[in-house]
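Visitor: Need coordinates for the following:
(2 chains)
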Protein chains: 2
Amino acid sequence: MIGKKTIYLDYAAATPLDREVLVAMQPYFTDYFYNPSATYAAAREVHAALEAARASIAHWLGARGSEITLTAGGTEANNLAIHGVMRQYPEANIVVSAIEHESVLVPAGRYDCRQVNVTSDGLIDLEDLARKIDEQTVMVSVMYANNEIGTVQPVREVTRIIAAKKATRRAEEAVSRQPSAVSPPTTSGQRTASSEQRPASPLPLIFHSDACQAANYLDMHVARLGVDMLTLNGGKLYGPKQSGALYVKAGVRLQPLIDGGGQERGLRSGTENVAAAIGCATALDKAQTLRHEETRRLQALQQQFLELLEQKIPQAVINGSRRHRLPNNIHLTMPGYDNERLLIQLDELGIQAAAGSACSASDQEPSHVLRALGLSEAEARASLRFTMGRATTADMIKNTVSKLTQLIVS
Amino acid sequence: MIGKKTIYLDYAAATPLDREVLVAMQPYFTDYFYNPSATYAAAREVHAALEAARASIAHWLGARGSEITLTAGGTEANNLAIHGVMRQYPEANIVVSAIEHESVLVPAGRYDCRQVNVTSDGLIDLEDLARKIDEQTVMVSVMYANNEIGTVQPVREVTRIIAAKKATRRAEEAVSRQPSAVSPPTTSGQRTASSEQRPASPLPLIFHSDACQAANYLDMHVARLGVDMLTLNGGKLYGPKQSGALYVKAGVRLQPLIDGGGQERGLRSGTENVAAAIGCATALDKAQTLRHEETRRLQALQQQFLELLEQKIPQAVINGSRRHRLPNNIHLTMPGYDNERLLIQLDELGIQAAAGSACSASDQEPSHVLRALGLSEAEARASLRFTMGRATTADMIKNTVSKLTQLIVS
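Guide: Take a look at the predicted model:
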């Protein structure tokens, strides 16, 4: 637990469940435990509570409830987004940034997947993006904020490029009136009769963004962002683990990952996890309500952290964009040091931090994110991530840099 | 909530979270919330707690911890079992009983799927099963106990038939030494060099059983049952919703449904839901500890329910096997009555029951289970399910039959 003695600086890996969120969830464990698909009045009340949670999530996204699919976490939502689109177009391709989370990179890698370069700051190379989207691209996935280096991507710029590509496609389509080279999806909902009479519709070009790390600090309004799909992760915003949601814009068709009773409008079968949905909604509500205040507070701590580092450990190299960055992330390379060893020593001194992503902590490969920035394997292995959160104070930051200095100097 | 005034008889749709289970989960929400993949000591403790939960589940199954994949519920586990095998063998077929849950039937239906008949009692027709397994069958899925009519399937008999089929295959293989007609899987783990030197290995024949409704009352020991895969659902055994596990016998290879950080030995990526895993393990532990006692207690109530029905409502027809049946299930047809209407009236009188499965409650089709037993559409629409649980008493049963009688007579 986050005690007086330990300094937890790994909020990007996991956030504690907020007490208010737990209080909101509690009745749905033991008292209002009913299956929301049952017909009696008490179950219908539970169903209404589930739908209210969905509507609350939709509210913060500027979306409709029917556009929110509840999932068991961010990884599942990313998989649903990618497989849900790509399985319909086996010959098409998907374009992703080189620094996506594994839950995007691995599913995308099962198709014809093109990775877009990032700058040494970790920002997506927009020219490379425009080059890599071709007439066979059906999906682009670019994360909102990176989980390792905290870089915030120019999502609206990506939207603009995609809009321009779509306009070009429509124009070409209008000129040629030829059927597309890739077959249209063969889902049950399709009218095969009419498709024989007119040319196949052009391929869609769907923009998905993984916002798992962004929802505590950034605007989630999907229309302002211009995304077609957005992934949320309750477990990273002081909500329950394996709670989450995928926003799917009305009109975007997905194939389900998990079939069965047809819950979540057929996109995610299984008795609904009502407590988790309410937890996720309550957590998002609090995170978005606090986001400006928390951003300001953490930006000050981030600034303090950077200044202290510059004074005490001038050899530390900060990774990622300084300007386009989550307010809670500090990511640095300590040339010549081994991060595993530093982390153990920091832990002994009561400081809990990370080397890259916890998701890949167990494997031995150096971070693909840091390699994409141009860091050598040795530099990647000398890198540390500190991610702050609601309980982080100025004293903790001072203490952390002082302990780190102690380790480096001694 | 299960109050003094209402009689909850829909335990097959949802069970309340047991208080002891909630107490076991609670520390992992707010205090020990760490990502189990992180490297500091506190996170390693959480990892150890997760592995202890896995080992506890494995214990009741007579399995190893490494054979337990934690999932977000029974539906996901069934999907992982079926897609996990079948995607490797796109030209092979799967054999399932006609009365499987939708979370088996729908994924299986995406492949070459043969449905095995059941008797009018809801027991699988073993001769039909033996007939339908051919040389291209790679998987058989037969549920342990049915969610609607409570019929317990002769799992060991199914195992014997599968063992005989495998023996025949091996004998034929030895004689012919010909490569199999269906290509072996092309997973990364396979040694392609050696596969060129010897004939392709024969197709596997994997037996999966959905035990979602069985774990409160029946033996879960996988070696005694002879299954290769078994699905557990925490949400049906007084554990948290969307908790569950898939037992996968060592040596059975699956393709993951959800890719990413590689958690659950690559079979289910996503930050582990430690609280849910502990909840599921604690719930299974309690359910299996109580199972003999609860079975005896509920069998007496079931007997009482049936006798009262015979006395007061002789026109009621009991569906499913009387002998091979879960102790908590009463399923009946009231010829000439509309079940939706009866359910509303029962609810008004404080009795919460179901018409078939809650999972498909929202769709308008009559139950595929009841149709498979030979019931007409009208009979299916006149059928009611009462499922008892830990809080059910003799008084409640008396009260229920008396209220039902009132509705039928008036």
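
Visitor: need the contact list for the residue of the stretch 101-250 of chain A found nearest chain B.
Guide: For the stretch 101-250 of chain A, the nearest residue to chain B under the criterion CB to the nearest CB is A:Ser103, separated by 3.2 Å. The C-beta positions use only the backbone N, C-alpha and C, and glycine is treated the same way. Counting by CB atoms under 8 Å, 6 or more residues apart in numbering or on different chains, A:Ser103 touches A:74-75, A:78-79, A:210, A:359, B:258-261, B:269-270.

Visitor: The residues you listed in strands, which ones?
Guide: Among the contacts of A:Ser103, DSSP state E puts A:Asp210 in strands.

Visitor: Nearest to B:Leu22 among the contacts of A:Ser103?
Guide: B:Gly270 (22.7 Å; CB to CB).

Visitor: Help me confirm that A:Leu257 comes into contact with A:Asn78.
Guide: No: with contacts counted by CB atoms under 8 Å, A:Leu257 stays clear of A:Asn78, the gap being 10.6 Å.

Visitor: okay, the two: which has more neighbours?
Guide: Set side by side, A:Leu257 and A:Asn78 show unequal neighbour counts under other CB atoms under 10 Å in any protein chain shown, the larger going to A:Asn78 at 35 against 25.

Visitor: Report the separation between that one and B:Pro202.
Guide: Counting by CB to CB, to the nearest Å, the separation of A:Asn78 from B:Pro202 is 37 Å.

Visitor: do the same with A:Gln345
Guide: 54 Å.

Visitor: What of A:Ala275?
Guide: 46 Å.

Visitor: higher neighbour count, the two?
Guide: Under the criterion of other CB under 10 Å, the comparison of A:Ala275 against B:Pro202 puts A:Ala275 first, with 27 against 17.

Visitor: Which ones among the contacts of A:Ser103 lie within helices?
Guide: Of the positions in the contacts of A:Ser103, A:74-75, A:78-79 sit in helices, assigned by DSSP state H.

Visitor: and the stretch 1-150 of chain A, which residues reach chain B?
Guide: Along the stretch 1-150 of chain A, the residues adjacent to chain B under the rule CB under 8 Å from any CB of the partner chain are A:1-2, A:6, A:10, A:13-17, A:19, A:22, A:29-35, A:37-43, A:72-76, A:78-79, A:101-103, A:106-107, A:110.

Visitor: Just the buried residues of those.
Guide: Of all these considered here, the ones buried according to neighbour count by 16 or more other CB atoms under 10 Å in any protein chain shown are A:2, A:6, A:10, A:13-17, A:22, A:29-30, A:32-35, A:37-40, A:42-43, A:72-76, A:78-79, A:101-103, A:106-107.

Visitor: just for the stretch 51-200 of chain A, where's the confidence low?
Guide: Of all residues in the stretch 51-200 of chain A, those with pLDDT under 70 make up the ranges A:178-200.

Visitor: rerun at 90
Guide: Judged by pLDDT under 90, the stretch 51-200 of chain A has its weakly predicted residues at A:172-200.

Visitor: Can you show me the strands along it?
Guide: For the stretch 51-200 of chain A, the strands defined by DSSP state E, counting those that start in this stretch occupy A:68-71, A:93-97, A:112-116, A:137-141.

Visitor: highest average neighbour count across these?
Guide: For these, the largest average neighbour count (mean count of other CB atoms under 10 Å in any protein chain shown) is found in strand A:68-71, namely a mean of 29.

Visitor: Where does the record place the domain boundaries for chain A?
Guide: Segmentation of chain A into domains, based on automatic domain parsing, reads A:7-16+A:291-409, A:19-286.

Visitor: What is the end-to-end distance of the last one?
Guide: Using CA to CA, to the nearest Å, the gap from the first to the last residue of domain A:19-286 comes to 11 Å.

Visitor: low pLDDT regions in the stretch 251-400 of chain A?
Guide: A:356-366.

Visitor: Tell me where it has helices.
Guide: Under the criterion DSSP state H, counting those that start in this stretch, helices of the stretch 251-400 of chain A are mapped to A:274-312, A:339-348, A:368-373, A:377-380, A:394-409.

Visitor: okay, the ones you listed, which one's buried deepest?
Guide: Using mean count of other CB under 10 Å, the stretch among the helices of the stretch 251-400 of chain A with the greatest mean number of neighbours is helix A:368-373 (a mean of 22).

Visitor: Contacts for that one next, please.
Guide: Counting by CB under 8 Å, 6+ apart, A:98-99, A:105, A:117-118, A:120-122, A:146, A:148-149, A:319-320, A:356-357, A:377, A:379-380, A:383 sit against helix A:368-373.

Visitor: From those residues, list the buried ones, please.
Guide: In the contacts of helix A:368-373, burial by neighbour count holds for A:98-99, A:105, A:117-118, A:122, A:146, A:148-149, A:319-320, A:356-357, A:379-380, A:383, counting by 16+ other CB under 10 Å.

Visitor: residues contacting the residue lying closest to A:Arg385 once chain neighbours are set aside?
Guide: The shortest distance from A:Arg385 to any residue that is not its chain neighbour, by CB to CB, 6 or more residues apart in numbering or on different chains, is 4.5 Å, and that residue is A:Ala354. Residues counted as contacts of A:Ala354 (CB under 8 Å, 6+ apart) are A:10, A:12-13, A:343, A:361, A:384-387, B:38-39.

Visitor: Just the closest of the residues you listed to B:Pro90, please.
Guide: With CB to CB as the yardstick, the closest approach to B:Pro90 among these comes from A:Ala361, at 34.9 Å.

Visitor: Next one: A:Glu91 from chain B, what distance?
Guide: Look at A:Glu91 and chain B: by CB to the nearest CB, to the nearest Å, they are 17 Å apart.

Visitor: So what does that residue have for phi and psi?
Guide: phi -100, psi 0 (degrees, to the nearest 10).

Visitor: ok, now the one 10 residues further on?
Guide: When read as degrees, to the nearest 10, the backbone of A:His101 gives phi -70, psi 150.

Visitor: what's the spacing between it and B:Thr39?
Guide: For A:His101, the distance to B:Thr39 (CB to CB) stands at 19 Å.

Visitor: what residues does the stretch 201-350 of chain A put near chain B?
Guide: Of all the residues in the stretch 201-350 of chain A, those in contact range of chain B (CB under 8 Å from any CB) are A:235, A:240-242, A:257-263, A:269-276, A:340, A:343-344, A:347.

Visitor: The closest residue to A:Trp60 other than its chain neighbours and A:Tyr28, how far apart?
Guide: If the residues on either side of it in the chain are set aside, A:Trp60 comes closest to A:Gln288, at 4.8 Å by CB to CB, 6+ apart. Separation of A:Gln288 from A:Tyr28 (CB to CB): 22 Å.

Visitor: Looking at the contacts of A:Ser103, which one is closest to B:Leu404?
Guide: Out of the contacts of A:Ser103, the one with the shortest distance to B:Leu404 is B:Ile258. That distance is 44.0 Å, counting by CB to CB.

Visitor: Count the residues that sit near the closest one.
Guide: By other CB under 10 Å, 30 other residues sit near B:Ile258.

Visitor: what sits against the nearest residue to it once chain neighbours are set aside?
Guide: Setting aside the residues directly before and after it, B:Ile258 is nearest to A:Asn79 in space (CB to CB, 6+ apart), at 4.7 Å. Contact analysis of A:Asn79 by CB under 8 Å, 6+ apart lists A:103, A:107, A:257, B:257-260, B:269.

Visitor: Kindly provide the distance from A:Gln26 to A:Ala214.
Guide: A:Gln26 is 28 Å from A:Ala214, where distance means CB to CB.

Visitor: who's more crowded, these two?
Guide: Between A:Gln26 and A:Ala214, A:Ala214 has the larger neighbour count (other CB under 10 Å), namely 28 against 17.

Visitor: That one and A:Leu326 touch, don't they?
Guide: Yes: under the criterion of CB under 8 Å, A:Ala214 lies in contact with A:Leu326, with a separation of 7.4 Å.

Visitor: any common contacting residues for the two?
Guide: Common neighbours of A:Ala214 and A:Leu326 are listed as A:145, A:152 (criterion: CB under 8 Å, 6+ apart).

Visitor: ok, A:Leu308 to chain B distance?
Guide: With CB to the nearest CB as the criterion, A:Leu308 and chain B are 22 Å apart.
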